[in-house]
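Participant: Kindly generate the corresponding structure for this input.
(2 chains)
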Amino acid sequence: MRKPILAGGRGVDMAQVEQKVQEILDYFEAYLEGSPFRFGKSRHEVMGPIPKILHRAFSGKWSLESLAGYAYRIHEMKLKHSRNIPEEVRQNLENGISKVLELYELLPPEMVQKIRERIDYSLYYRRRKKQSKDFDQTCEDFGAFLRQKYPTLEELRRAWGDESIKDYKMFPTKKKAKNPVHQSDVDEFLSSHREGRKIEEIDIEIDEEEVS
Amino acid sequence: MDIEELRKKAISWMIERGWRQKIAKRGDYEQTLYDHTAIQLDILNSLSPTLKTKLGLTRDELIIIMLASILHDVGKEKKEWQEYIKKKADYCSHIDENLAREALDELLAYMGLKDIDKEAVISGVVLHMWGERTPGRVMGRVIFGEHQNTRWKQLADLVDFIDNLASAGSLFEGMAVLERSPFASYFNTAYHQVLVRGLSTVFLHRSALDAFMGKGWQPLIHYVNGTIYVEEAGKKTPVPSVEDIKEKMVELLNQVLETNLEEQVVGNPTASMLPKKDLFDYEQMDAYLRTAKTRVSVTAFDRKTEEYKKNTFRKYSLLRCELDKECPDPDNCKKEGRCRRFEEEETPRYLDRIGRAYQEMVIFKFFKTVFNEKTYNLEELAVLPEDEEALEQLQAEMEGLEGEKRKKAEKKYERQVKKATRKALEQIICSARDEYDQVFGEGAFDLLQSTTTFTPEIDMAYAVDPYWRLNARDLDPDSPDVEVEELPDDQRKELLIKTLTEITKRAFDKVYEKNRPRGLQAVKVAEVFMKDLLHPAEQRELTEIIADQIRGYKETKLLARKAHGDHLCPICNQYFQGGTNARADFVGKPESHTNRAPSHGGQGYIVICDSCKFERYFRQILLGGKPAQMVVIYPRTNIGYYTGEKLMQHVEETWERLTALASSENPDPHEKVSLSLTAIAYRKFKQSSWDRLSGEELAKIFTYKSSEEKQKEMRKEFAKAVREELGEDIEEINRIYGTEYQDYDELIDKAISGEFYDEDGVIAEARKKAYQLVPQMKLVCQTPHMVLVPLKTGISMGNDSKANARLRQLFVLIVLALTLHSSVMLLEEGDEMLEESCPGIVKLPSSPGLKRLVAKERERNSKGKLTAELAKDWLTLDEALVWVDKIGAAATLVPATDYPESNNLYQIISSPTPGHILRRIEMKRKSSVIPWPLFEALKPFETGVSEE
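Facilitator: Got it, this is the predicted structure:
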C-alpha cells in the first residue's frame, strides 16, 4: 500500500519570520549600498550576488563561509580597480547571509520558496526605489543648478538654443545636448555631483516627459 | 454664548485636534474619540433641562460638566495610548492630568470662556474612570483640589454617569446604566426597540420616534435597533401605544404609495406579468395596460432570425387550421408541420401581421394574468355574503360540541369555507368571462386563458385574431366602420387598451366589493411591518413564541413551496401562516434548491412571509426598480440625538448633490456620477481631508467628466434626436419658440445645458436619454438608526470579476465610512442586516478572496491566526485607512501594470511584494527608469499583503 502523504507541517511564528525578513533586507541593502552594484539597468546590476546567495542558502546545503566566499568572488569580479572590499561591507554581507540561514531553520519546507521570493523581490524593490529617488533628486538638483544660472526659462531656452524646454527639471545628460552651452552646463553640474555622475554612466534611456 | 453654541464650538475643536482619526473604544464595537465625546455632549444637551430643574445646575456648572466630558478621555489622543489600543504597545493609562490642564487652557481660549472653575473640570477628568477613582485620589482632590465650586464631586459624578451611558454598547446596556445610576430618580426613561429587517425598519424607527416625540419624550441615544428616551421625573407623559406608532407608519407609507406604481405592477412577458399582485388596483387598469405595451418593442419580432420567424409561421398556420376547422385534411397538416391553406408566398404578410401585433399580445397577456385563477390566493378572498350566514351558523353549532364530534364539525367547517372561497373566485372569473365573451365572442375568454408563456403564434391565434376580426365601430362608436385589423397600429392598440379597461371595470363591478383588488393599502402594510416592533408592543409569552416556532419548524419543510399552513420564513426565520410564493421579480432564484424544502420534493417557488415580501416591494417602489445592491449606513454603535440629526443632514446633502448630478437637473450633463471609477475617486479622496468633508465635497469624490470623445458622441446622438423632433429649419424654430439662435449648433449648445426646452418635454426627454440622466440610487434617510441607499446597478466596471468588483465596493464603503463617520455595509440578496452594534467601521463585501487577503494582512501584522481572522468580516478604522490606500493605489497602477481588465485590481493587491508589481511594470514599459510618482503609488504595498 502506498504510504499516506502527510500535509501540513509545523507551526511557524509569523512575527518572528517577519522580523528576520526585515533584518535580512536591512543587511543586504546596506551591503549593496556600499558595493559596486548600486546602479544599473538590469536586475543583476542592481542586485549583485544576492539572488544567487538566496537561492543557494535556501537549498539548505551551503554554509555561511561557502556562501560568503561565493558572493565575494562575484563582488571582486565587478570591481574595476581595487580588489579590496571594505570591512563594513563584508560585515553587512555576512550578517545578512547568517540571518538567511537562521530563517531557513525556522521555516517549514512549504514556505521556503515563497519567503525566498519575497526577500528577493522586496530587496529588488528597495534598490530600484533608491535608484529612482536618486535619479529624481539628481533631476531636481540639476533643475536648481539651471534655475540659479538662468533665472527664467526663456534665458535657458536662448542659451541652449532649444525652444522645446518646458521645465528646469531634467536629467543632466549630454546625449541629447547639441549645443556646446548645454554640454558645458551638464559637465559643470556633473563635476560637482557624484550621484549624477554615476547615474549618467549607466546610460539609461530617459523619457523626458516622465521625468517632469 | 449659549450651551448649544458652545457644543458646536467644542465639536470643531475636537475635529481640529484630529479626534476623528483617534480610536477611543475597541472591542465588541469601535468608536473614535470624536464619536465617543460627541455622544456625551449630546447626552448632556438632552439632559440639561432636567438637570437644571431637578439639581438646580447653573449655566457655569453645565459648562464645567461639558468641558470635563470633552476632556475626560483627552489622554487617549496620545500616541502611546493609540499604540496600546491597537495592540502595538503595552497598557498605559489615559488619565493624564497635565495634558488635561494643557488642553483645558486651549479649549477655554478656543471657546472664549473665562472665570470657569478649572479645578472642578480637572476633577471630572481625573475621577471619571472607576479603576483610577481610588479613595486616595479622591482625597487628594478634596485636600489639594482648590475647587471654587462646592459641589464639584457631584459634577464629577455626572461626568462619570454620562461617560458610562455613552459607553453602553447596546440598548439594554444603556437602559441599565440609566436605571442604576445615582441620578436615576431625576429621570423617567422609555425606549423603543425593533427587529432589524431593512427598509421597513427605517419606517418603523421614524414612526416610533415621531410617536414618542409627539408625546413629549426627549430622544437620548439611538442604537441600530432602537432609541432611549428620557423625560423629567414627576411628569407623567404616557408611552405611545402601538396604535399611535401604527398611525404614524400609515402616514409615512401613504406618502410612498402615492407614487405611480404601474412600473412595479406590470412584470415581464417572459417571466411573470403580474409579479406583485398585491399592488394591483383594478381602477388603474388603463395605466397598467399602457405600461404592458412598452414591455416589448414594436420591432422586436422583426429582429428575430429568419429561421425563428419561419417556424412561427408554420406553427401559426397549424393553430389556425385547428381553430378555423376549414381545412379538408387537418391530419395531413399535422404530419407536414404546416397547413396547406396558408400559401408559402403569403408568409411575409402573416409574419408582418404577427410583428404588428407583438405589443397587443403583451397587453392581452397582462389582462389574461389579471383574470387567471392562479393569480388569486383562496385564503385571501372574502366569502360572499350569502355564504357568510351559513358559515356563521356552522361555527355557532360547532361551539357547543366537544371531542370527536367537534373535530368532525371543524373539518366540515373547513370544507365549507374552502367551497365558499372557491365560489368567490368563480364569481371573479365568471364575470370576466361573461364580459370578455360578450365583446370577443363565445369561448374567447377560455381561449385566451389557454395561452401560457409568451409565444407569438399562440397569442396571435388565440388572442389577437379574435380582436382583429371585430368591427372597430362595435367597440367604439367614434371608430371607422372597418375591421380592427385595418386600423392604423397606434389606433388599434389604443382601442384594445380602452376595450380591455372597460371589460375589467365591468367585470369587477359585478364582483363582491371586498374581493375587488384595490392595490396595496398602507394600513395592511403597516400592520405587517408593526410585527417587527418589539417594544412598545403587546407582550407575548415566551412559551407561546417557542410553541409557534416549533410548530413552524415541524410543518415548514412539507409546505416549503405551498403558500398555506405554518411556515418559518426562509429569509427572516420568523414564524408565519399562509405567506406568498416568491417571484424572481423580488427574490433572487426563488425556484432553486433550498434545504428548507424536501431535497427531492416537487418544484415550485419558496414561500416568504408578508414582512419580507412588503420589504422587497417597498425597496422597488422607492427605487423604481429592483435594487442590485444596497449601501447601509449605521452609526458606530450608538449616536446622540443632535449628532444623529447632523449625520442625516450630511448624508442628505451628499445624496442630494449626487442625485442632482445624475438627473436632468444637471446643467452640465458631461459631469457624471460613478461609484465604480476607483482611480479618479481615490485621487480626489487623497486631495481632501476626509475627517472634515462637507456633503458636497464628498459627492464630488464620486464625480467625473466625460471624455471629449464621449462628449462628441453624446452630442451627436442628442442633436440627431433634436433635429428629428424640431426639423432642420432654424428660422422656423426661432419663430415658434421666440428664440434668436444663429445656427443649429447654438441651439444644441443651449439644449445641452438645459436652457432651451420645449413645453411638451420632448427635448428634455431626448437629453435625458442621450446623456443618461437617470439617478441610479435613492436615499432612504428617515432617522439616524440606519440610512439606506439602494443602487439600481451594482458597483463594478464592465468586465470586472467578482473579486475585482468586491475591491471597488470595499473602496466605496471605506470612503463613505470615513467621511460620514459611520459604519457602512453593502447588502445584497441573501445578506443579513446587522442587528446590534457594529464591530468595526466597514463590513467586507462577501468574497472569499477578499476575506483571505484581509486575514493574511492581519496575520502578517501579528493580529491573530489566519483561521480566526477569516471569520472576522469588519474592518477597524486603522485597517480601513490602510485598505483605502491599497485599493486606490492599485487602481492608479492599473495602466502601468496592464493586467487583464477583469482582475487587475485583485492581481495588484494580491502581489506578494511591491517588488512583484514593480517587475511587472518594468516588463510592460519601454524605459528602464521607473518615475518617482509610480513609487509613491506603490507605497501602500510596502506594508505588505501576501497571498502566500
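
Participant: Quickly find the element holding residue B:892.
Facilitator: Here residue B:892 sits within helix B:877-897, counting by DSSP states H and E.

Participant: so what secondary structure elements neighbour that helix?
Facilitator: When contacts are defined as 3 or more C-beta pairs under 8 Å, 6 or more residues apart in numbering or on different chains; DSSP states H and E, helix B:877-897 sits against helix B:678-687, helix B:802-820, helix B:848-860, helix B:904-909, helix B:914-924, helix B:932-938. The way it works is simple: take the backbone N, C-alpha and C, and place the C-beta from them, glycine included.

Participant: The closest residue in space to residue A:57 that isn't next to it in sequence: what's it in contact with?
Facilitator: Closest residue in space to residue A:57, ignoring its immediate chain neighbours: residue A:100 at 4.4 Å, by C-beta to C-beta, 6 or more residues apart in numbering or on different chains. Contact analysis of residue A:100 by C-beta atoms under 8 Å, 6 or more residues apart in numbering or on different chains lists A:24, A:53, A:54, A:57, A:58, A:119.

Participant: Please, which helix or strand holds the second one?
Facilitator: This means residue A:53. Take DSSP H and E as the rule and residue A:53 turns out to sit in helix A:50-57.

Participant: Could you point out the helix or strand that follows that helix?
Facilitator: helix A:64-78.

Participant: Poorly predicted segments of the chain, please.
Facilitator: Chain wasn't specified; assuming chain A. For chain A, the stretches with pLDDT under 70 are A:1, A:3-10, A:80-83, A:194-212.

Participant: that's the wrong chain, I wanted chain B
Facilitator: B:1, B:862-864, B:927-928, B:944-948.

Participant: biggest helix in it, by residue count?
Facilitator: For chain B, the helix with the greatest residue count under DSSP state H is helix B:403-440.

Participant: which strands and helices sit next to the helix or strand that that one is followed by?
Facilitator: Counting by DSSP H and E, the next helix or strand C-terminal to helix B:403-440 is helix B:444-449. On a contact count with 3+ C-beta pairs under 8 Å, 6+ apart, helix B:444-449 meets helix B:358-370, helix B:403-440.

Participant: now, of those, which is deepest in the fold?
Facilitator: Ranked by mean neighbour count, the helices and strands packed on helix B:444-449 are led by helix B:358-370 with a mean of 24 (mean count of other C-beta atoms under 10 Å in any protein chain shown).

Participant: Could you list the residues in contact with it?
Facilitator: For helix B:358-370, the external contacting residues (C-beta under 8 Å, 6+ apart) are B:266, B:269, B:272-274, B:280, B:282, B:285, B:288-289, B:292-293, B:295-296, B:298, B:300-301, B:375, B:448-449, B:451, B:454, B:456, B:459-460, B:463-464, B:467, B:492-493, B:496-497, B:500, B:503-504.

Participant: In strands only, show me those.
Facilitator: Judged by DSSP state E, those include no members of strands.

Participant: Buried only: go through these for me.
Facilitator: Taking 16 or more other C-beta atoms under 10 Å in any protein chain shown as the criterion, what is buried in the contacts of helix B:358-370 is B:266, B:269, B:272-274, B:280, B:282, B:285, B:288-289, B:292-293, B:295-296, B:301, B:375, B:448-449, B:451, B:454, B:456, B:459-460, B:463-464, B:467, B:492-493, B:496-497, B:500, B:503-504.

Participant: Give me the angle between the helix holding residue A:53 and helix A:64-78.
Facilitator: Helix A:50-57 runs at 160 degrees relative to helix A:64-78, counting by axes from the mean of the first three to the mean of the last three C-alpha atoms, to 10 degrees.

Participant: What is the distance between stretch B:664-674 and the centre of its chain?
Facilitator: Centroid displacement of stretch B:664-674 relative to its chain, using C-alpha atoms, centre = their mean, to the nearest Å, is 23 Å.

Participant: I should have written stretch B:369-387 there, sorry.
Facilitator: Here stretch B:369-387 is found 32 Å from its chain centre; the criterion is C-alpha atoms, centre = their mean.

Participant: With stretch B:547-566 instead?
Facilitator: For stretch B:547-566, the distance to the chain centre is 29 Å (C-alpha atoms, centre = their mean).

Participant: For the closest residue to residue B:684 other than its chain neighbours, give me its contacts.
Facilitator: Computed as C-beta to C-beta, 6+ apart, the closest residue to residue B:684 that is not its neighbour in sequence is residue B:701, at 4.6 Å. Counting by C-beta under 8 Å, 6+ apart, residue B:701 touches B:681, B:684, B:685, B:688, B:693, B:815, B:819.

Participant: show me the contacts for the fourth one.
Facilitator: Think residue B:688. Neighbour list for residue B:688: B:697, B:701 [criterion: C-beta under 8 Å, 6+ apart].

Participant: Pop out the phi and psi values for it.
Facilitator: Main-chain dihedrals, residue B:688, degrees, to the nearest 10: phi -110, psi 170.

Participant: Kindly report the same for residue B:31.
Facilitator: phi -140, psi 140.

Participant: Look up how far residue B:785 lies from it.
Facilitator: As judged by C-beta to C-beta, to the nearest Å, residue B:31 and residue B:785 stand 16 Å apart.

Participant: on that earlier part again, can I get the host helix or strand of the residue nearest to residue A:57 in PDB? Just the C-alpha atoms.
Facilitator: Assigned by DSSP H and E, residue A:100 belongs to helix A:87-106. This file holds the C-alpha atoms of helix A:87-106, laid out as PDB (Å, rounded to 0.1, in the frame of the first residue of the first chain):
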ATOM      1  CA  GLU A  87      35.200  45.700   6.300                       C
ATOM      2  CA  GLU A  88      31.800  47.300   6.800                       C
ATOM      3  CA  VAL A  89      30.500  46.000   3.500                       C
ATOM      4  CA  ARG A  90      31.900  42.500   4.400                       C
ATOM      5  CA  GLN A  91      30.200  42.600   7.700                       C
ATOM      6  CA  ASN A  92      26.800  43.500   6.300                       C
ATOM      7  CA  LEU A  93      27.000  40.700   3.700                       C
ATOM      8  CA  GLU A  94      28.000  38.100   6.300                       C
ATOM      9  CA  ASN A  95      25.400  39.200   8.800                       C
ATOM     10  CA  GLY A  96      22.800  39.100   6.000                       C
ATOM     11  CA  ILE A  97      23.800  35.500   5.000                       C
ATOM     12  CA  SER A  98      23.800  34.400   8.600                       C
ATOM     13  CA  LYS A  99      20.300  35.700   9.100                       C
ATOM     14  CA  VAL A 100      19.100  33.900   6.000                       C
ATOM     15  CA  LEU A 101      20.500  30.700   7.300                       C
ATOM     16  CA  GLU A 102      18.700  31.300  10.600                       C
ATOM     17  CA  LEU A 103      15.500  32.000   8.800                       C
ATOM     18  CA  TYR A 104      15.900  28.800   6.800                       C
ATOM     19  CA  GLU A 105      16.000  26.800  10.000                       C
ATOM     20  CA  LEU A 106      12.700  28.400  11.200                       C
END
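
Participant: Sounds good, over and out.
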